[in-house]
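> sequence and computational prediction follow.
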Amino acid sequence: MYSLSEQHIDFILADINARGIRLESLQCDLLDHICVIIEQKLEKEEDFESCYEATIRAFYQQELREIEEETIFLLACRNRLTLSRNQFFLLLFAIFIGPFVSYDLAWLVTSGPTAGWNIPIHIWAPTVVYSLFPLLILLVLLLTPERLDPLIPAKSKILLGIRPFIKIIPYPFPRI
């Protein structure tokens, strides 16, 4: 197995720093992972720089600092429930409209065929009236096009927690 020299390790660390990674713990973790991969791949006759470039490209899509941005985002999400935009709206639909639909279904199941499977007006009218307004608001929020600057952007993440109760983080995620 090939062993990297101190100059190679210093080169990798300097390059990681030059590519935008500022968190020291993340630099050390990346350095460790990259060194292990290079030592496994590299043979004595191969070129270190070409092997390093091929290895480092596997860590990101556009730039290496994406890793740091994602790390900061994940650290901010610790001890919080993180939902995508669609998951958040599904939760809101379930909270606001679910009780009315559940009540109607429970009435249907308990009354059964004896009532002819018909829901009387005093049962379904509150469902329509009280669930219609939240449903319309949620549908407008969900279906607002990106060009009209929606309240919750398409690729944003919603953090649910104690402090703050709800925080919307737009995409691309900001640097903290």
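Ah, there it is. Numbers count the residues shown, from 1 in each chain.

> grab the nearest non-local neighbour of His17.
One correction, residue 17 is Asn, not His. Nearest residue to Asn17, sequence neighbours excluded (CB to CB, 6 or more residues apart in numbering): Gln27, at 6.6 Å. (Each C-beta comes from the backbone N, C-alpha and C, glycine too.)

> was I right about that neighbour contacting Ile21?
Yes. Applying CB atoms under 8 Å, one finds Gln27 in contact with Ile21, separated by 5.3 Å.

> between those two, which has more neighbouring residues?
More crowded of Gln27 and Ile21, by other CB atoms under 10 Å: Ile21, with 20 against 16.

> burial measure for Leu108, as a count.
So Leu108, with other CB under 10 Å, has 14 neighbours.

> how near is it to Val36?
Applying CB to CB, to the nearest Å, the value for Leu108 to Val36 is 61 Å.

> ok now the longest helix anywhere in the chain, how far from the chain's centre?
Scanning the chain for the longest helix, with DSSP state H as the assignment, gives helix 85-111. Relative to its parent chain, helix 85-111 has a centroid offset of 25 Å by CA atoms, centre = their mean, to the nearest Å.

> same thing with stretch 132-139?
Distance of stretch 132-139 from its chain centroid, counting by CA atoms, centre = their mean, is 25 Å.

> same thing with stretch 59-74?
Worked out by CA atoms, centre = their mean, stretch 59-74 lies 13 Å from the chain centre.

> buried residues in that stretch?
Residues of stretch 59-74 classed as buried: Leu64, Ile67, Glu68, Glu69, Ile72, Phe73 (neighbour count, 16 or more other CB atoms under 10 Å).

> now swap in stretch 86-102 and tell me
Phe88, Phe89, Leu92, Phe93, Phe96, Ile97, Phe100.
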